[in-house]
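In: Could you work out the structure for the sequence below:
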Amino acid sequence: MPSITTPLQLTAAAALLQNQGLEPFPPGLATAIQTFNATTLISNLAAAVSFYKSQTFATATTLNSLLSMGNTVCPTLGNSIPVSPLGTYTYLNTEYLVNYLGTVDGSTLDPSGFSNLIEQTCAAYLGNGDLGRFSQGFMAVQSYIASTNNYINSSVNSNQYLGPTFVNMDDLVTGSITSVSTDLESFGVDLDKQGELWNTAKLDLYGTPAGLLQQISARAGIQRQTVPALQNVMLAMGMTTTDIENLITDNRIGVFNPTGITNNEFDRAQRLAYNAFTMISGDALVQILDILDVTTPNITGLEQLLDPVKTFPLSYPSLRAPGAVGPVPIFDANGSVNSSIAPIVNSYLPAATGCDELSKIIPPADAVANKAIQVALQQINNIPNVSLPDLAQAVLGAVNNPWQVTNAYLPNDLVSTGAPVPVYYRATQEVPAGTDINNTAYWTPTTLGGLSTMSGLPLIQAQTTPVDTSVTDYFANSVATGTGPDGTITTYDVPGLALDADDFAARLTDAADTIDGLGTGLDDLSQIYVDMLSAANNAAMITLIANANAEIASIGSVHPAQVATMNTDWVYMANLMNLSSRYTTEASIDYFNLQSGDKNSVYGFVQNLPRYGLLTANGDAAEFLINLADTAILGGQAVVGAMREGRNQARLESNGIYNANQVPSDAEVEPIPVVLPVN
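Out: Okay, the predicted model is just below:
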């Protein structure tokens, strides 16, 4: 069995399984949290919260009120999460302000203040020292980021990328086939009956005598000439064997065929060939139709294969050619060729006289119609690599298998019956010869699942852009909320606190310094927090909470500059914490309740390191893990090395170079000798 690990991955796994290889809790952030919590005011508040949680009269509602003091004026002084008018932090409050006094709570959070929430969240992102937990969370985050960013980027790109070519949703979802015909069922039936009439790899010869001759010879397996009946008529009409060979070998002068004949000479031979086609009927015609697998009804002369009205008997009224402002009908309502379409079609052809040139060879109406069909088919995605039978199969799901009562059939065989539009039947069991198609014990009517349009979906069909503005606005305003390009989400947007990427340490230090700077101005509030330690009942605690809120409001009016400074710091941290909490919530990741000791997640994380190494955009997984890796030890360096190895592997493979860097994962194997023995 091929291995899935490299030496670097083995080294990284060995370290991570021992909870080594990644940096621990950011020391600067740990110091800042400790400094803030050590201020007299906040330490007294923490003691009050701890006291209340231990009381038998404590309630969840009052505890949340205690944890929310000052949240509308100066949440720093209550170590709380801000609320309006300072901001709205729905995800953060939902995560933090829950019933921690209840008996059913799987969270490891200890509700003692916003600073403690920061500490506990950072520790949770790092797995609380358990790198199995870290691996679980990190892989889930990367999956969420990749999925979400796919939608964000697609929304941004949708109208820019598809808009210039967008006509309508039907064309968009059918590979532009509905731009050719508005009647897919009839169009599919006509295509199915045309068999191998035309070579879609040479659409420039669609509807021309040369194109038809080339198909006849190719399908008959004849080189440089055609079937005898047609060859003889062409010679009798004044063509030479060289003329015929030039048409069949497409011997036109060009960059890759400088010795070919001129276009005028080529067209002269085509005109003679067309005259010969008018002489082919009867058995000679039947032979050619069989060679081409053409089953189109009412073809009585070979030249009629160049008449779209004959070859598209069901769908020609629905055929359309591309135009500057959308598809243009090829035929008028009365069945004649659209008199104004020739200039439009010529604008899509290499030569502006394409319709006129073909009109010198075949009837003018047929020439214009064939050129129009040519440019219409050229709009279909990848059409040069799609045969006519495959195109018919895609459009209709059709099978060219007319039912014969004298035949026996196997279970699930498909047959068609009826004209001009066939009805399809599927055999429900083995069918003996002579069984009527209406015998429901053996046959059941079926559909073949051809292309679907947006029929019956008027809002979709009315769109003038690939994606409605209401959709792009939703993604832009509600989903694209990250700090990456176009609002994409980066790795730092989710567990960035694990590296203190947004410098919470400086904000907490600034808040602690501001509290210390207020000095005696906080004495009354601090005393209220001390008095909470003596609350005899829940009512007393509620009164003290109200007193604290009133005092914080007073401090806000007396010291507006200091309060503004603290609010700036607190709102900055709350915004980032709330956004991170939003992403983990949307990703269904409960960082506070991950499975401990999960070695399987470590293995998965290590297997993903080469892929993470490819995510090199600013703020993406590679940058994050490089900064998180403990490169002072071997295992941490292996984490970085495995990502570099992944980038190398991708580059080598893209250039056809094989890198034998995987260790066999079979049972013990013999080592490869340094020098191979010579026998």
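
In: Tell me the spacing between residue 84 and residue 70.
Out: From residue 84 across to residue 70, the span is 14 Å (C-beta to C-beta, to the nearest Å). Just so you know, the C-beta spots here come from the backbone N, C-alpha and C atoms, and that holds for glycine as well.

In: out of these two, which sits in the busier spot?
Out: Looking at residue 84 and residue 70 with other C-beta atoms under 10 Å, you find the greater number of neighbours at residue 70, namely 25 against 9.

In: where's stretch 446-458 relative to the chain centroid, distance-wise?
Out: 24 Å (C-alpha atoms, centre = their mean, to the nearest Å).

In: And that stretch, what's buried?
Out: 450, 451, 453, 454 (16 or more other C-beta atoms under 10 Å).

In: Now residue 24: closest residue in space that isn't a chain neighbour?
Out: residue 126 (7.1 Å; C-beta to C-beta, 6 or more residues apart in numbering).

In: residues touching the one you found, list them.
Out: Contact partners of residue 126, counting by C-beta atoms under 8 Å, 6 or more residues apart in numbering, are 22, 24, 25, 134, 498.

In: Figure out the helix or strand that the residue most central in space within the chain lives in.
Out: Per C-alpha atoms, centre = their mean, the C-alpha nearest to the average position across the chain is that of residue 150, at 5.6 Å. Per DSSP states H and E, residue 150 falls inside helix 131-157.

In: And the helix or strand of the chain with the lowest mean pLDDT, what's buried?
Out: Lowest mean confidence among the helices and strands of the chain (mean pLDDT, DSSP states H and E): helix 90-96, at a mean of 85. By neighbour count on 16+ other C-beta under 10 Å, the buried set for helix 90-96 is 91, 92, 93, 95, 96.

In: Show me what that helix is in contact with.
Out: 67, 81, 83, 109, 111, 117, 574, 577-579, 581-582, 585.

In: so for the helix or strand just after it, what's the average pLDDT?
Out: Using DSSP H and E, the helix or strand that follows helix 90-96 in sequence is helix 114-125. Helix 114-125 comes out with an average pLDDT of 94.

In: Tell me what angle helix 114-125 forms with helix 131-157.
Out: 100 degrees (axes from the mean of the first three to the mean of the last three C-alpha atoms, to 10 degrees).

In: what's helix 114-125 in contact with?
Out: With C-beta under 8 Å, 6+ apart, helix 114-125 has contacts from 25-26, 29-30, 33, 36-37, 42, 46, 75, 79-81, 92, 96, 108-111, 129, 133-134, 137, 495, 497-498, 500, 504, 508, 570, 573-574, 577, 580, 591-592, 594.

In: Of the residues you listed, just the buried ones, PyMOL syntax please.
Out: Of the contacts of helix 114-125, the buried ones can be selected in PyMOL as follows, counting by 16+ other C-beta under 10 Å:
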select buried, resi 25+26+29+30+33+36+37+42+46+75+79+80+81+92+96+109+111+133+134+137+495+497+498+500+504+508+570+573+574+577+580+591+592+594
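
In: Show me the contacts of helix 114-125 that map onto helices.
Out: 29-30, 33, 36-37, 42, 46, 75, 92, 96, 133-134, 137, 504, 508, 570, 573-574, 577, 580 (DSSP state H).

In: just the helices in the stretch 351-500 of the chain please.
Out: Per DSSP state H, counting those that start in this stretch, the stretch 351-500 of the chain carries helices over the ranges 354-359, 364-377, 388-396, 458-461, 469-474.

In: Columns distance to residue 528 on top of the ones you listed, output as a markdown table?
Out: Output for these, formatted as a markdown table (distance: least, C-beta to C-beta, whole Å):
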| stretch | distance to residue 528 |
| --- | --- |
| helix 354-359 | 91 |
| helix 364-377 | 82 |
| helix 388-396 | 77 |
| helix 458-461 | 60 |
| helix 469-474 | 46 |
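
In: Out of those, which is the most enclosed?
Out: With neighbours defined as mean count of other C-beta atoms under 10 Å, those peak in mean count at helix 364-377, which reaches a mean of 23.

In: element containing residue 50, please.
Out: Using DSSP H and E, residue 50 falls in helix 40-53.

In: and the angle for the next helix or strand after that helix with helix 114-125?
Out: Using DSSP H and E, the helix or strand that follows helix 40-53 towards the C-terminus is helix 60-67. Orientation check (the same axes, to 10 degrees): helix 60-67 against helix 114-125 gives 100 degrees.

In: So residue 416 sits against residue 396, correct?
Out: No - checked against C-beta atoms under 8 Å, the pair residue 416 and residue 396 is beyond contact range at 10.3 Å.

In: Tell me what angle the helix or strand that contains residue 607 forms with helix 131-157.
Out: Under the criterion of DSSP H and E, residue 607 resides in helix 599-613. Angle, helix 599-613 to helix 131-157, by the same axes, to 10 degrees: 40 degrees.

In: Give me the distance between the residue nearest to the centre of the chain and residue 588.
Out: 18 Å.

In: One more: residue 388?
Out: From residue 388 to residue 588 the distance is 50 Å (C-beta to C-beta).

In: just residue 22 next, same as before
Out: From residue 22 to residue 588 the distance is 24 Å (C-beta to C-beta).

In: Is residue 380 in contact with residue 178, as I believe?
Out: No - Residue 380 lies out of contact with residue 178 (C-beta under 8 Å); the separation is 10.1 Å.

In: More neighbours: which of those two?
Out: Ranked by neighbour count (other C-beta under 10 Å), residue 380 and residue 178 place residue 178 first, with 25 against 21.

In: ok, now which ones touch that one?
Out: Contacts of residue 178 (C-beta under 8 Å, 6+ apart): 168, 170, 171, 184, 451, 453.

In: tell me which residues of stretch 276-293 are tucked away?
Out: 276, 277, 279, 280, 284, 285, 287, 288, 289, 291, 292, 293.

In: My error: substitute stretch 204-223 in the last question.
Out: For stretch 204-223, the neighbour count (16+ other C-beta under 10 Å) marks 204-217, 219-220 as buried.

In: which non-adjacent residue is nearest residue 640?
Out: residue 629 (5.1 Å).

In: And the one you found, how far from residue 178?
Out: For residue 629 relative to residue 178 (C-beta to C-beta), the value is 54 Å.

In: Likewise for residue 607?
Out: Separation of residue 607 from residue 178 (C-beta to C-beta): 45 Å.

In: What of residue 277?
Out: Taken as C-beta to C-beta, the span from residue 277 to residue 178 is 32 Å.
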